[in-house]
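In: with the sequence up front, the predicted model follows.
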Number of protein chains: 2
Amino acid sequence: MDIAIDVMGGDNAPTAVMDGLALAYDLFPNVNYLLVGDEEVIKSELVRVKLTGKENITIQHASQVVEMSDPSTVALRTKKDSSITVSANLMKKKTVDAIVSAGHTGAAVASSVIKARTLPGIERPGIATTFPTPSGAFVLLDAGANVDSKPIHLVQFAIMGEIYAREVVGIEKPRIGVLSNGEEDSKGNELSKATHKILSSLPINYIGNVEGHDLFEGHVDVVVCDGFVGNVVLKTCESIAKSITSTLKELLTKNALRKTGALLARNAFTDFKKIVDYAEYGGAPLVGINGNCIISHGSSSPKAIMNAIRVATELINHHVNDLIVERWEELEVTVKEQLDS
Amino acid sequence: MDIAIDVMGGDNAPTAVMDGLALAYDLFPNVNYLLVGDEEVIKSELVRVKLTGKENITIQHASQVVEMSDPSTVALRTKKDSSITVSANLMKKKTVDAIVSAGHTGAAVASSVIKARTLPGIERPGIATTFPTPSGAFVLLDAGANVDSKPIHLVQFAIMGEIYAREVVGIEKPRIGVLSNGEEDSKGNELSKATHKILSSLPINYIGNVEGHDLFEGHVDVVVCDGFVGNVVLKTCESIAKSITSTLKELLTKNALRKTGALLARNAFTDFKKIVDYAEYGGAPLVGINGNCIISHGSSSPKAIMNAIRVATELINHHVNDLIVERWEELEVTVKEQLDS
C-alpha cells in the first residue's frame, strides 16, 4: 500500500503534517509513505520526528506550494511542480494508491479530477465529510467539490456515500436522505425533488428528505446535497461550533467563582471537546475519482492528519472504488430509466 | 396601530401566545390587538392572563386551525376559516397593519402572499431571520419563503434586508454579503455569481461573498441567499446549537463533582443561554409583502411572541414598507441594466 502525503499543504504545514505522519507510522507501519514537498524541509522534519532511515518512507521533491490564497486552477496552470500537483500525478500514474493533503481544497479537487479522472460511469466526484454528533456521526456529500449539480450527480453521491459510510465509517445499513427545506415529499427545490424521485425507486436504504433539524439528532447517516449547499452547511457548522465554544470559554473565565466551577467540571469539557472534535474523524475523501484523494482540514492537527491517513488505508483495504463501480453498474439502468421518465 | 395575533398558531398555542400577548400588552399598551382564533378559547385565555375588558383587545372568531402536518396550501384551499387565513384577510383589507403567527410557516407565507400580494416592484417576499451571535446579530434572508430563486430575487432580498437591518435590528450601515462557498469573487454557483455581479454595482454597503465561516464571526450584517439554502442553514444552526447545549448539559450532570462545578459556574450558563436565545430576537418578518406578517418560531416562548409583536410595531413605526418601495424605485434602473448586460 502506497500513500503520498502532501507535506506542504495546510495552515500548520509542514510541522502538523509530519507530526501526523509520526502518529500514523506507529499505527500503520506497513504502508509505504511517499512524502511530497521541499526535499530539504522534509529531510529536516524527518529528523525532528525521529523517522530517518525508514525503508518505507521516501521523498518526492516538489519545488512549489499552492497557497491558500491561490485560485483553484493554479495547481494545474502555473504551479505544476507544487506538492499537490505532483501528488495528483503520482496518483494518476498509480505510483500511489492514495494521496493525503491538508492544503488548498479547490486545488486538490481540481488536480485530482483532471489527473486521475472519475471512476467509470461516475460523472462528478463529491467530498464526503463526516460530521460528529452526540450519537455518532453522519456523512455529508458533496461538501464542496462542485456547484450547480444535477440530479444524476446527487444520485451518484447517494450511492457512493452509502458505500463509504458502510465500509469506512462502519455504519452497517446507512440511512440515506436528501437535504431539503422540509421532510414532506412536496418540499424541496427542483434539484432535490428530482433526486428524491430517483432515490425513492432504488433498492437502497433511502429515508426521504431530511432537513437541517435532523442532522445532529441521529436521524440520518448519509446526507446528500449539492456542493454549494454542503459547503455552506459545513462551514456554518464549524463557525457556530467555534462560536459557541469560545463564548462558553469566555463566560466561564469571567470571574473566580466561574473559574472554580469550570475547573471542577473540567472532565465534562474534555469529554465535550472530544465529541465536537472533527479531528476524530479525520480527512474527507473525494469519492468518485479513479484513485483516492483524502482532503484534510486546512487547520488540521497531527491527529487529524493521522486520521486522514487511516481513512486512506481503509478506502484501499475495503476496495471502496471497486465497490462503487460495481454498485453503479447494478443501479445504472434503473437510474437512467427514472431520469428519462 | 392594529395588529392581528394568530392565537391558535404554534406548538404551545394558545397558552404561549396569550402569555406573550400579556407581556407585549404591558410594553405596547396603545396597540389595538385583534385576537384571531376560537372565540371561546380566547375568552377563557383572556381571563387567565388577566386581560379582560380591555378596550384595545378584540376577538375575531376563526373556526379552524392549520395543523403543522397540513400542507402549506391548506390555509387557502380547505381551511379558509383558519386563524392564519382570517388573519391574512384582515391584512389584505388593511383592517390591521400587521399579523403575527407562530403557526405553520408555509401556510402563513402562502396566505400572506396570495391575500396581500407583494409590494410594488418586488417580485418575491423573503423571510428575514435574525441570528444571535456573540458580538450581536446578523439577518439572513430568505430563510425559506421560496426556493429556486433568481438573481433579481436575491438582489431584492439584499435591498429589503438592508432596510430591515437598519430600521428594526438597529444596524446603522449594514454590511451586506451573498452567501457562497468561498469569499473569492470566482466562488459561487450560477445564482450567487449573478447576484454578486449586480450587487457590486449598487450604492449599498455590499461586502461581497461571505461563507459559512463568516456568519458567527461578526463579519456581516445581512446575509442574502436562496430560501432553500437559508432554510437549511437556519435549521442546521438550530439543530447544532440544541445538540451542543444538550450534550453539555448531559456531560455536566454526569457526576456530583461536575454538578458542583456547573452550579458554581451557573451564571455563565445563564449568560450563555441569553446569547443563544432566539427568543431575544423574536419573530421573522416576511419582507416584501404589501402588509406585515411576522412569523414566529413554532415552539415560541411567550418572550418570543412578545418580541414578534415588538418587531411588528417597529416595522409599522419605521414605515419599512414605504422605505423598501422608495429604495427599489431608486435602484431599479441600475439593477435592470445589470440584469440585461
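Out: Yes, it's here.
In: for the rest of this, base every contact and every neighbour count on C-alpha atoms.
Out: Will do.
In: let me see the domain layout of chain A.
Out: A:1-122+A:288-319, A:130-279 (automatic domain parsing).
In: which one of the ones you listed lies nearest to chain B?
Out: Closest to chain B of the domains of chain A is domain A:130-279 (C-alpha to the nearest C-alpha; 3.6 Å).
In: ok so, going back, which stretch among the domains of chain A comes nearest B:Y206?
Out: Nearest to B:Y206, of all these, is domain A:130-279, at 19.4 Å by C-alpha to C-alpha.
In: I figured A:L315 was touching A:V168, is that so?
Out: Yes. Using C-alpha atoms under 8 Å, A:L315 is in contact with A:V168, at 6.7 Å.
In: who's more crowded, the two?
Out: A:L315 (23 against 18; other C-alpha atoms under 10 Å in any protein chain shown).
In: against A:E326, how distant is the more buried one?
Out: A:L315 sits 15 Å away from A:E326, going by C-alpha to C-alpha, to the nearest Å.
In: got the phi/psi numbers for the nearest residue to A:K92 once chain neighbours are set aside?
Out: Leaving aside its sequence neighbours, A:K92 sits nearest to A:A116 (C-alpha to C-alpha, 6 or more residues apart in numbering or on different chains; 4.6 Å). For A:A116, the backbone dihedrals (degrees, to the nearest 10) come out as phi -90, psi -20.
In: is it true that A:A116 touches A:G288?
Out: No. At 10.2 Å, A:A116 does not count as touching A:G288 under the criterion of C-alpha under 8 Å.
In: where exactly do the strands run in the stretch 151-300 of chain A?
Out: Using DSSP state E, counting those that start in this stretch, the strands of the stretch 151-300 of chain A run over residues A:176-179, A:206-210, A:222-224, A:284-287, A:293-295.
In: distance to chain B, mean neighbour count and mean pLDDT added to those, as CSV?
Out: Below are these laid out as CSV (distance: least, C-alpha to the nearest C-alpha, whole Å; neighbours: other C-alpha atoms under 10 Å in any protein chain shown; pLDDT from 0 to 100):
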stretch, distance to chain B, mean neighbour count, mean pLDDT
strand A:176-179, 8, 28, 98
strand A:206-210, 10, 22, 97
strand A:222-224, 12, 32, 98
strand A:284-287, 17, 27, 97
strand A:293-295, 16, 30, 97
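In: for A:A116 and A:G288, indicate the residue with more neighbours.
Out: A:G288 (28 against 21).
In: OK, contacts around the residue nearest to that one when sequence neighbours are not counted?
Out: Closest residue in space to A:G288, ignoring its immediate chain neighbours: A:P125 at 4.4 Å, by C-alpha to C-alpha, 6+ apart. By C-alpha atoms under 8 Å, 6 or more residues apart in numbering or on different chains, A:P125 lies in contact with A:V113, A:T118, A:A145, A:N146, A:F157, A:L286, A:V287, A:G288, A:I289.
In: distance-wise, check A:P125 relative to A:A4.
Out: Counting by C-alpha to C-alpha, the gap from A:P125 to A:A4 is 20 Å.
In: likewise A:I198?
Out: Distance of A:I198 to A:A4, computed by C-alpha to C-alpha: 37 Å.
In: for A:E329, same thing?
Out: Remark: distance between A:E329 and A:A4 (C-alpha to C-alpha) = 30 Å.
In: who has more neighbours, these two?
Out: A:A4 (30 against 12).
In: neighbours of A:V139, just the number please.
Out: Other residues close to A:V139 by other C-alpha under 10 Å number 26.
In: list the residues that contact it.
Out: A:A128, A:T129, A:T130, A:F131, A:G161, A:A165, A:D221, A:V222, A:V223.
In: and if we set it to 6 Å?
Out: A:T129, A:T130, A:D221, A:V222 (C-alpha atoms under 6 Å, 6 or more residues apart in numbering or on different chains).
In: next, format these as JSON lines and append distance to A:F272.
Out: Shown next, in JSON lines, are the contacts of A:V139 (distance: C-alpha to C-alpha, whole Å):
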{"residue": "A:T129", "distance to A:F272": "20"}
{"residue": "A:T130", "distance to A:F272": "17"}
{"residue": "A:D221", "distance to A:F272": "21"}
{"residue": "A:V222", "distance to A:F272": "24"}
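In: between those residues, which has the most around it?
Out: A:V222 (35 neighbours).
In: bridging residues for it?
Out: Bridge pairing for A:V222 (DSSP bridges) gives the partners A:V139, A:I176.
In: how much space separates A:T133 from A:F272?
Out: As judged by C-alpha to C-alpha, A:T133 and A:F272 stand 11 Å apart.
In: buried residues in the strand or helix carrying A:G20?
Out: Per DSSP states H and E, A:G20 falls inside helix A:15-27. Within helix A:15-27, the residues scored as buried using 16 or more other C-alpha atoms under 10 Å in any protein chain shown are A:T15, A:A16, A:V17, A:M18, A:D19, A:G20, A:L21, A:A22, A:L23, A:A24, A:Y25.
In: repeat for stretch A:256-270
Out: Residues of stretch A:256-270 classed as buried: A:L257, A:R258, A:K259, A:T260, A:G261, A:A262, A:L263, A:L264, A:A265, A:R266, A:A268, A:F269 (neighbour count, 16+ other C-alpha under 10 Å).
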